[in-house]
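1. task: produce atomic coordinates for the following.
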Amino acid sequence: MKGTEIVYQAMSKFMGLPTRKQAGQFLPEPALSKVSFTSAADERAAVQIALRACYDPRQDDARLRYVMRMPKAEQGVEFDRLRRDYPVRRECSSLKVQLKGTSKSLQDSFRAIGFKLKI
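-> Residues are numbered from 1 along each chain as shown. I've put the predicted structure just below:
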């Protein structure tokens, strides 16, 4: 969706037209909109939690492994279904990360990844 939005914005600018839509308008409401961490949070674990809240590759892995255990004759159809029915995956910027008394290092890590911060 983000790629489509970037192309839409560039085409609108090129053609001298205003951009009136954003990709987020076409996506369902996210299941999780905010996570909070305090000064007790381990930096690596906090970043991992926030990233997995946006996208957990273990779920893709489990679905693909399930398909690969099917009989060969069914794998192609099921793989196509996985691609066709792929779950919505959000950008990191869609998740607000609230940080209470955390280190500058943790704040910088979240900013570098693209999360919205509330300090």
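2. lowest confidence element among the helices and strands of the chain?
-> Lowest on mean pLDDT, DSSP states H and E among the helices and strands of the chain sits helix 2-14, with a mean of 90.
3. pull out the buried residues from that helix.
-> For helix 2-14, a neighbour-count test (16 or more other C-beta atoms under 10 Å) marks 5, 8 as buried. (C-beta placed from N, C-alpha, C; glycine too.)
4. and for stretch 86-105?
-> For stretch 86-105, using 16+ other C-beta under 10 Å, the buried residues are 90, 92, 94-95, 97, 99, 102.
5. now the residue nearest the centre of the chain: how far from Gln9?
-> Nearest to the mean C-alpha position of the chain, by C-alpha atoms, centre = their mean, lies Arg90 at 3.0 Å. As for Arg90, its distance to Gln9 is 19 Å (criterion: C-beta to C-beta, to the nearest Å).
6. and for the closest residue to Val47 other than its chain neighbours, the neighbour number?
-> Nearest-residue entry for Val47: Ser109, 5.6 Å, with adjacent residues in sequence omitted and distances by C-beta to C-beta, 6 or more residues apart in numbering. Burial of Ser109 is recorded as 17 neighbouring residues (other C-beta atoms under 10 Å).
7. three-state assignment of Ser109?
-> Using DSSP: H, G, I helix; E, B strand; the rest coil, the three-state assignment for Ser109 comes out as helix.
8. residues contacting the spatially most distant residue from the centre of the chain?
-> Computed with C-alpha atoms, centre = their mean, the residue of the chain farthest from its C-alpha average is Ala73, at 32.8 Å. Not one residue lies near Ala73 by C-beta atoms under 8 Å, 6 or more residues apart in numbering.
9. for it, report the pLDDT, please.
-> With respect to pLDDT, Ala73 scores 96.
10. shouldn't it be within a helix?
-> Yes - assessed with three-state DSSP, Ala73 lies in a helix.
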